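J.: I'd like to go over a predicted model; first the sequence, then the structure.
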Amino acid sequence: MKGVVTGSNVKVLGRAVHSLSRIGDELYLEPTDSGLSLRSVNSSRSAFASFLFAPLFFQLYQLGEPQPFRCKVLMKSFLGVFRSLPSLEKTVGKCLILLKPSANRLVLQLHCKYGVTKTHNLAFQECEQLQAVFDIQRCASSLCAPARVLAEAVVHFPQTLAEVTLGAGPGGKISLRNYVEDEMEAKKTMVTELWLAEDEFQRVAVTPGSSITFCLKEFRGLLTFAEASNLPLTIHYDVPGRPVVFTLDDAVLEVHLVLATLLDPKSDSQCPMANGGVSHLPLPSDDLTDDIESYMVAMETEEEPGVPPSPTFPLNTPCPAQSDPEEEEEEEEEEEGAVPGTPPHKKFRSLFFGSVLTPGGPSLAPTQEVLAEDSDNDC
């Protein structure tokens with residue numbers, strides 16, 4: 001595959017890489033007839049982003065052999081090529097992207113002013129397709145707004161805030177509020193909530209009273225890209241617990257960001273994958289719903305012909321065994337001696353694999369495998 005990006009499109013490509021770097025540690029590349037696709041997924045499989053650059057985005061776009069061809073590189077290595085966005089705009093006139101399957105190398109060549117050429121040779125690894133399966137047509141609510149409006153709204157929240165709640169109020173108003181996990185902690189925590197009028201949006205078609213909670217870090221990354229590219233952002237969502245999909249559409253660019261949402265324990269609506277991310281709700285039994293394709297599935301697997309893929313969702317959760325009173329007393333003593341500032345247990349984990357941790361109680365089902373430890377960066 002050979003692609004040449006020129007002019008201001010070099011900076012657009014750099015912004016896309018910066019946005020993807022907020023998602024995961026690996027960058028997946030797939031050249032197709034529809035264009036070059038750049039994708040990333042976080043370690044807990046709860047956030048997925050995809051940038052598809054159409055052939056018209058490039059001055060030159062040629063597909064090579066073999067086809068289809070997919071590979072992945074370290075995000076840190078790819079990001080190093082586009083580290084300084086202001087420098088790209090001022091000094092770089094052309095960027096050459098060359099995939100060499102025979103040499104297992106991805107070549108990025110920046111042609112700068114005064115005849116300076118910077119060549120980066122990155123090692124890649126062939127991989128299977130990484131794709132999130134979702135259907136925005138089945139989402140009950142959607143709204144579209146200029147990225148500037150949403151960017152100015154989230155600037156009121158601190159950078160350390162993990163989750164934010166988006167809700168639909170009366171009169172078509174949309175609210176943004178910082179999420180507080182425990183109701184008791186809400187009385188001790190500063191709560192920031194702002195309302196956006198309906199005329200601030202280009203389109204509002206939401207279910208009255210609906211709300212979803214999602215991670216703010218990845219959303220900020222997409223907002224930065226959308227605002228700099230002057231593109232409107234569309235949000236598609238359904239009931240709490242089902243993924244929220246953010247989309248950007250342009251003549252030469254198609255962007256999707258899919259994030260897991262927190263299932264509201266007070267809500268009657270339940271979905272198989274959402275339940276996998278909530279510690280205090282029962283998981284479904286062996287019957288998975290037929291519309292499983294409508295939920296978000298992002299995984300890297302190798303499927304054998306004629307053999308259906310194994311489900312990635314936990315089928316059941318055993319009831320915790322009754323504990324001994326003496327053990328309960330020991331646990332209470334340990335809790336009293338806990339170090340202050342220990343982060344609380346999250347109420348939702350991976351939307352894809354449903355790793356469930358019960359606060360203060362037994363952990364995973366025997367059939368579940370912990371694929372990635374929780375960290376401050378992953379929700």
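T.: Structure received.
J.: where's G171 relative to L196, distance?
T.: 11 Å (CB to CB, to the nearest Å). In short, each C-beta sits where N, CA and C put it, glycine included.
J.: ok, the two, which is more surrounded?
T.: Comparing G171 with L196 by neighbour count (other CB atoms under 10 Å), the higher total belongs to L196, at 21 against 9.
J.: Report the beta-bridge partners for the residue lying closest to that one once chain neighbours are set aside.
T.: Spatial nearest neighbour of L196, excluding adjacent residues (CB to CB, 6 or more residues apart in numbering): I174 at 4.7 Å. Beta-bridge pairing for I174 (DSSP bridges): A168, L196.
J.: got a list of what I174 touches?
T.: By CB atoms under 8 Å, 6 or more residues apart in numbering, I174 lies in contact with 143, 166-168, 195-196, 198, 200-201, 204, 206.
J.: Now the buried members of the residues you listed.
T.: Among the contacts of I174, those classed as buried by neighbour count (16 or more other CB atoms under 10 Å) are 143, 166-168, 196, 200-201, 204, 206.
J.: now, the most widely separated pair of those residues?
T.: G167 and E200 (15.0 Å; CB to CB).
J.: Is it correct that L20 falls within a helix?
T.: Yes. The assignment for L20 (DSSP: H, G, I helix; E, B strand; the rest coil) places it in a helix.
J.: Helices of the chain, start to end?
T.: Using DSSP state H, the helices of the chain run over 9-21, 75-81, 85-91, 147-154, 183-186, 216-229, 272-275, 325-336.
J.: and R45, which of the ones you listed is closest to it?
T.: With CB to CB as the yardstick, what comes closest out of the helices of the chain is helix 272-275 (10.6 Å).
J.: circling back to that earlier point, what's the closest of the buried ones among the contacts of I174 to H256?
T.: Distance to H256 across these (CB to CB) is lowest for L143, with 16.3 Å.
J.: gap between F51 and L196?
T.: Distance from F51 to L196, counting by CB to CB: 27 Å.
J.: what's the nearest residue to E126 if we skip its chain neighbours?
T.: In space, E126 is closest to C71, 5.3 Å off (CB to CB, 6+ apart).
J.: dump the residue contacts of the one you found.
T.: Taking CB under 8 Å, 6+ apart, one finds 28-30, 99, 101, 106, 124-127 in contact with C71.
J.: can you tell me which two in these are farthest apart?
T.: The two members of these with the most space between them (CB to CB) are Y28 and P101, at 15.1 Å.
J.: Settle it for me: which of those two has more neighbours?
T.: For the pair Y28 and P101, the greater number of neighbours falls to Y28 (24 against 15), based on other CB under 10 Å.
J.: Enumerate every residue touching the more buried one.
T.: Counting by CB under 8 Å, 6+ apart, the residues that Y28 touches are 37-40, 70-72, 127, 130.
J.: what about 10 Å?
T.: Y28 is in contact with 20, 37-41, 50, 70-73, 75, 124, 127-131, 300, counting by CB atoms under 10 Å, 6 or more residues apart in numbering.
J.: Could you report the pLDDT at it?
T.: Note on Y28: pLDDT of 95.
J.: Also D135?
T.: In the predicted model, D135 carries a pLDDT score of 84.
J.: Can you verify my assumption that it contacts V245?
T.: Yes. If you go by CB atoms under 10 Å, D135 and V245 touch, sitting 9.1 Å apart.
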